[in-house]
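Novice: Pasting a predicted model and its sequence here:
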Amino acid sequence: MAARRSNRGIGFDRDVKAFAPLFRLLQLQGIIAIREMLGALNIRDEFGPYGRGWNYGVLHRMLRRGAELGLCEGPRTRAAAALSRRL
């Protein structure tokens, strides 16, 4: 179960819940690397939670919190990324 948030974190959780369906859609399409997700989001002209384009840090935090809330898969670990790397 996710930890209870302070007033400051409630807005961030609301943004994570709003973007979770989009994250799940991308993950179901096989886009699981953060950099690939960034490209897909920016190509679609999807703006981030602050009304600007996406960047690595914001997307990583949102995916991690989405996983804590049980809304989507979290970002891959370095070990998982290394295992799926093409040789």
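Specialist: Sure thing, it's come through. Numbers count the residues shown, from 1 in each chain.

Novice: Roughly how far does G48 sit from D13?
Specialist: According to C-beta to C-beta, to the nearest Å, G48 and D13 sit 15 Å apart. (Glycine included, C-beta is placed from N, CA and C.)

Novice: same question, G51
Specialist: G51 sits 18 Å away from D13, going by C-beta to C-beta.

Novice: So which of those two has more stuff around it?
Specialist: Set side by side, G51 and D13 show more neighbours around D13, with 16 against 6, by other C-beta atoms under 10 Å.

Novice: I'd like the next helix or strand past the helix or strand hosting the more buried one.
Specialist: Element membership for D13 (DSSP states H and E) is helix 7-28. Helices and strands here follow DSSP H and E; after helix 7-28, the next one along the chain is helix 34-43.

Novice: That following helix versus helix 7-28: what angle between them?
Specialist: For helix 34-43 against helix 7-28, the angle between stretch directions is 90 degrees (axes from the mean of the first three to the mean of the last three C-alpha atoms, to 10 degrees).

Novice: What's the first helix or strand after helix 34-43?
Specialist: Downstream of helix 34-43, the first helix or strand assigned by DSSP H and E is helix 56-69.

Novice: where does the protein dip in pLDDT?
Specialist: 1-6, 78, 80-82, 84-87 (pLDDT under 70).

Novice: in it, which residue is closest to the centre?
Specialist: L63 (2.9 Å; C-alpha atoms, centre = their mean).

Novice: Now do the nearest residue to that residue once chain neighbours are set aside against G66, distance only.
Specialist: Excluding its sequence neighbours, the residue lying closest to L63 (C-beta to C-beta, 6 or more residues apart in numbering) is P75, at 4.6 Å. The gap separating P75 from G66 is 9 Å, by C-beta to C-beta.

Novice: Kindly report the same for P21.
Specialist: Remark: distance between P21 and G66 (C-beta to C-beta) = 10 Å.

Novice: Could you do R44 as well?
Specialist: 18 Å.
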